[in-house]
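Q: Pasting the sequence and the predicted coordinates here, then a few questions.
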Amino acid sequence: MQIQEELSATDTTLVAVSKTKPNEAILRLYEQGQRIFGENRVQELTQKYETLPKDIEWHLIGHLQTNKVKYIAPFVQLIHSVDSLKLLQEIDKQAAKNDRTIDCLLQMYIADENTKFGLSEIEAFDLLDTNAYADMQHIRIVGVMGMATFTNDTTQVRNEFKQLKYIFKQFKQKYFAEKDYFKEISMGMSGDYRIAIEEGSTMVRIGSLLFGNRLNDRTGN
């Protein structure tokens, strides 16, 4: 894959966003060596997990409701979209039931759009300072995720990615300085991944460039 070759030179992880795509399309990428796929709906993710090869690493990239965590807890490798202490507590609870530790990213609100989810910097610091977080034994926060504003203004997009990188550095220094696993900055989609990589992204979520465009889809990837 051309994108995969491009990313290999930057040590950036490619998450192939396979939401709404049939198994046949996923298998075509799988046969080319792609192993990490991202879904934004729990029901679709669980169905694909059951029917597709078990060495696929599944990421949940969409907004996650607490009452649906139990369905993906047995197998999900990374949850990109942790945006509340309540959700993190539920992930920890369900991971414990499955005797697992689930890796998570804190989703940060960096865009100038009301439709996007995410924590503010203050909310994220408050979460990481709670005793409830300190007591969790079955989750591991491995980095941050953010989505830039849907705009053609590349300067704005770049500044939002810079903001996320700065937030990551703050968290690393204060909470994770001795934790080698805290290393991921998930930012960049099909329309802005090159800017994201220039600004320090370690993980990009790409769908349309791999699978083709979806009509009226502004959630991107």
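A: Great, that's in hand. Numbering: from 1, shown residues only.

Q: ends of stretch 150-159, how far apart?
A: End-to-end distance for stretch 150-159: 13 Å, by C-alpha to C-alpha, to the nearest Å.

Q: any idea how far it is from the chain center?
A: Chain-centre distance of stretch 150-159: 20 Å, with C-alpha atoms, centre = their mean, to the nearest Å.

Q: Which residues does that stretch contact?
A: Stretch 150-159 is contacted from outside by 111-113, 148-149, 192, 195, 198-199, 218, 220, using C-beta atoms under 8 Å, 6 or more residues apart in numbering. For every residue, glycine as well, the C-beta is placed using N, CA and C.

Q: pLDDT, neighbour count and distance to residue 52 added to the residues you listed, as a markdown table?
A: Converted to a markdown table, the contacts of stretch 150-159 look like this (pLDDT from 0 to 100; neighbours: other C-beta atoms under 10 Å; distance: C-beta to C-beta, whole Å):
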| residue | pLDDT | neighbour count | distance to residue 52 |
| --- | --- | --- | --- |
| 111 | 92 | 20 | 31 |
| 112 | 86 | 13 | 37 |
| 113 | 77 | 13 | 32 |
| 148 | 95 | 29 | 30 |
| 149 | 94 | 15 | 33 |
| 192 | 96 | 24 | 28 |
| 195 | 97 | 19 | 31 |
| 198 | 96 | 13 | 33 |
| 199 | 97 | 21 | 33 |
| 218 | 41 | 8 | 27 |
| 220 | 48 | 18 | 23 |
